[in-house]
Structures are given as structure tokens and as C-alpha cells.
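Peer 1: got a sequence here, can you build the structure:
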Amino acid sequence: APGRQMQVDWGHFDALSYGATKRKLYALAVIESYSRMLYVQFTHSQRQEVLHQALLNAFRFFGTSPEEIVVDNMLTAVTERWGRLIRFNDAFLDFLRPFKITPVACNIRSPQEKGKIERSIQYIRRNFWPARTFADLMDVQNQVNQWRDTVANVRIHQTTGEKPQDRFAKIIPRPLPEGLPDCREAETVLVHKDFAVIFGIDKS
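Peer 2: The predicted structure follows:
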């Protein structure tokens, strides 16, 4: 049904260089299942607060939140499972609660259960990533935003035969709750004895 489900997954995209330092680069992809409308956020971490902030940014981009969100078995979403019994991460549930979103976890080694987002990660690798250079994380994000708006969401999708943005326009949005949480990550810094400050210490 239009607007009912979104699928979410991480992809690892090599690393960015900051002088002599390299930091791992990840992309969180979020797809609205009916329209195939895509949101992508690049990060240097897959930590809990980074996931929450990226999802919040995605909901703001879409202007709506889904009734259910499909995830794999990442520890930031699923802490334990015994067959079909699943224990979701408490912090993840706390984040979803104001939006009234039900999490759905895929079975282990069952990528077909979230095939839309799996294919989206492959599409990003194939269509966006090659032959590009990036100055820093902000540059990566600016470039992927432009690609998202001028390529990914305006192409004719092979499965639906429609442009994702046109199909998305048929969705009746669910209003986002007031007082959205601030999930932004606290930056780790290293302060030397001479009070020189180094930002962006990699904790991942």
C-alpha cells in the first residue's frame, strides 16, 4: 500500500582520506516501498545515534513516516533472535515510538525479504559511486543529494514503469510528530597539552 512501508540498509563504501588519516565510509539507504523513492545518507559510523539521525533526516526528506520499517539484523535494530522470536534494540524502539512505526526484521540470510533496498544499494554502487572524487563527507552528501534528485528519483523505474517522485506524489503522508528528537552525534575531539584540538576521531 502507498506509504505503508520503508526498507532500510547500510552499505560500506571504502573510505575517505583526511590528510594521512582514512575514515570508513558508509551509506544508509532508505526506500519507500510503493514508489521506490530513495533517500541516501553517507556517514563515517553505523552507531546507534547515527542511524537514528539518518532515519530522522529521511523522514523529513519524505515528509512522512511509514507504518512499518524493514531492517536486517544489525545490532542497532535487533539485539537477539531465537528463530522467529525477535528482541529489538530498546533504543531503536524508543526512537520509533513517537512515529508509531512497527519494526520488521528479515530472517537471517534472507536478503530477498528486503529486495527493494538491496537493489538500491547495488544501484548506488553502480550508478552514483564510480568515477567520482570527494573532498570530505559534506561533499559526498552534496553530490549524492544532487544525484538523488536529478537521477535516482526521476528515472523510469524498471519495476514500476513510473518515476519514483511521480509515484510518491500519490501517497497521503502521515504527519511527523511535533518536537522531533535531536539525534545528532556528539563529536569526539582530542585536546593536546598546547590546547590544539583535533576533530573527527574515528571511534568506529
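Peer 1: for residue 125, which non-adjacent residue is closest in space?
Peer 2: Spatial nearest neighbour of residue 125, chain neighbours left out: residue 11 (7.0 Å); criterion: Cβ to Cβ, 6 or more residues apart in numbering. Every C-beta, even on glycine, is put in place using the N, C-alpha and C of the backbone.
Peer 1: return the distance of the spatially most central residue of the chain relative to residue 13.
Peer 2: With distances taken as Cα atoms, centre = their mean, the chain has residue 28 as the residue nearest its mean C-alpha position (2.8 Å). Remark: distance between residue 28 and residue 13 (Cβ to Cβ, to the nearest Å) = 11 Å.
Peer 1: can you list the weak-confidence ranges in the protein?
Peer 2: Where the chain drops to pLDDT under 70, the residues are 108-115, 181-204.
Peer 1: now the strands: where do they sit in it?
Peer 2: Remark: strands of the chain, listed N- to C-terminal, are 5-18, 21-32, 38-43, 68-71, 78-82, 85-88, 102-105, 189-191, 197-199; assignment by DSSP state E.
Peer 1: those strands: which one's closest to residue 164?
Peer 2: For the strands of the chain, proximity to residue 164 was assessed by Cβ to Cβ; strand 38-43 is nearest, at 6.7 Å.
Peer 1: please work out how many residues are found near residue 153.
Peer 2: Counted with other Cβ atoms under 10 Å, residues neighbouring residue 153 total 20.
Peer 1: same question, the one 10 residues further on
Peer 2: When neighbours are defined as other Cβ under 10 Å, residue 163 has 17 of them.
Peer 1: excluding sequence neighbours, find me the nearest residue to it.
Peer 2: Closest residue in space to residue 163, ignoring its immediate chain neighbours: residue 154 at 5.4 Å, by Cβ to Cβ, 6+ apart.
Peer 1: now the longest helix anywhere in the chain against strand 21-32, angle please.
Peer 2: Secondary structure of the chain per DSSP state H: the longest helix is helix 48-62. Between the axes of helix 48-62 and strand 21-32, defined by axes from the mean of the first three to the mean of the last three Cα atoms, to 10 degrees, the angle is 50 degrees.
Peer 1: ok now helix 48-62, how far from the chain's centre?
Peer 2: Its chain's C-alpha centre lies 7 Å from the corresponding centre of helix 48-62 when counted by Cα atoms, centre = their mean, to the nearest Å.
Peer 1: same question for stretch 158-170.
Peer 2: Offset of stretch 158-170 from its chain centre (Cα atoms, centre = their mean): 20 Å.
Peer 1: before we move on, what about stretch 170-182?
Peer 2: Computed by Cα atoms, centre = their mean, the chain-centroid distance of stretch 170-182 equals 17 Å.
Peer 1: if anything else comes up later, I'll come back, but that's it for now.
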